[in-house]
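Visitor: All I have is the shape, not the residue letters:
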């Protein structure tokens, strides 16, 4: 199995919003990412609209030709958007409204009843559901009990430890992917994956179906160009 690359385009919207207007054009960039080899487009709208806005999500749905993945905290406004747009996948993330970026996975034990209702609602519309989660055996198994389709492993701890001890850094995620597979869950991953650490992660973590990468990829594109950067990330995943 070759791991698929989904490009998170939030930072493109951040750049647009800094100046106003429509430059860069988020919709065009999403289409260009696909043309350059991205196998999915990820967005993470937040309540303050500081990057991807709800209207962007609505405009993107009819033009994304690969997989459309919407991430976010499942409050009522987010769920209303997801039910309207019906993406291929929704990734549930436990972000506080004022979070700068995601910084932890779900406690699926404490939030079991809430998440189970959300999972059921999304799946009733044919939407695949992924739970953003730390590599914790009990919480992963509870995600399976929720009826989720996949988990997305929160990889910032791996990225932080990678330069110090890459073997120790990846070990919990290897275990997490095995636990997920045993529980019949698909495995995604994301957060702070980059050209420096992606190949090591994807070569060691089994059953890895998809990675979602935004910040590092867009930063690299400033130096290498967007098309070349997407190709570079795909090569890290064993493509091309």
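Guide: Cool, got the structure. Because the structure is predicted, anything quoted here is derived from the model rather than measured.

Visitor: three-state assignment of the spatially most central residue of the chain?
Guide: Centroid check for the chain by C-alpha atoms, centre = their mean gives residue 212 as the closest residue, at 4.0 Å. Secondary structure assignment for residue 212 (DSSP: H, G, I helix; E, B strand; the rest coil): strand.

Visitor: can you pull the buried residues of stretch 118-137?
Guide: The neighbour-count check on stretch 118-137 (16 or more other C-beta atoms under 10 Å) flags 118-119, 121-122, 127-136 as buried. Bear in mind the C-beta positions are built from the backbone N, C-alpha and C, glycine included.

Visitor: before we move on, the earlier item: and the residue nearest to the centre of the chain, how far from residue 42?
Guide: 5 Å (C-beta to C-beta, to the nearest Å).

Visitor: list the residues that contact both of the two?
Guide: 6-8, 69, 71, 91, 190 (C-beta atoms under 8 Å, 6 or more residues apart in numbering).

Visitor: Out of these, list just those in strands.
Guide: 6-8, 69, 71, 91, 190 (DSSP state E).

Visitor: Out of the shared contacts of residue 212 and residue 42, the closest to residue 30 would be?
Guide: Nearest to residue 30 out of the shared contacts of residue 212 and residue 42 is residue 7 (C-beta to C-beta; 8.1 Å).

Visitor: quick one: pLDDT of that closest one?
Guide: pLDDT, residue 7: 98.

Visitor: Please name the residues that touch it.
Guide: 33, 38, 40-42, 212-214, 217, 230.

Visitor: Now do the helices in this structure.
Guide: 10-19, 26-35, 54-60, 76-85, 112-123, 137-146, 156-161, 166-182, 198-204, 215-224, 226-236 (DSSP state H).

Visitor: circling back: residues in contact with the residue nearest to the centre of the chain?
Guide: 6-8, 40, 42, 69, 71, 91, 152, 188-190.

Visitor: Quick one: neighbours of residue 145, just the number.
Guide: By the criterion of other C-beta atoms under 10 Å, residue 145 has 13 neighbours.

Visitor: Next one: it from residue 204, what distance?
Guide: Per C-beta to C-beta, residue 145 is found 27 Å from residue 204.

Visitor: can you list the weak-confidence ranges in the protein?
Guide: Residue ranges of the chain with pLDDT under 70: 97-103, 240.

Visitor: One more pass at 80, please.
Guide: 1, 96-103, 239-240 (pLDDT under 80).

Visitor: residues in contact with the closest residue to residue 160 other than its chain neighbours?
Guide: Spatial nearest neighbour of residue 160, chain neighbours left out: residue 192 (7.4 Å); criterion: C-beta to C-beta, 6 or more residues apart in numbering. By C-beta under 8 Å, 6+ apart, the residues touching residue 192 are 155-156, 158-160, 215-216.

Visitor: Check those residues and tell me the two furthest apart.
Guide: With C-beta to C-beta as the measure, no two of the contacts of residue 192 lie farther apart than 158 and 215, at 15.2 Å.

Visitor: higher neighbour count, these two?
Guide: Taking neighbours as other C-beta under 10 Å, residue 158 and residue 215 compare with residue 158 leading, 26 against 16.
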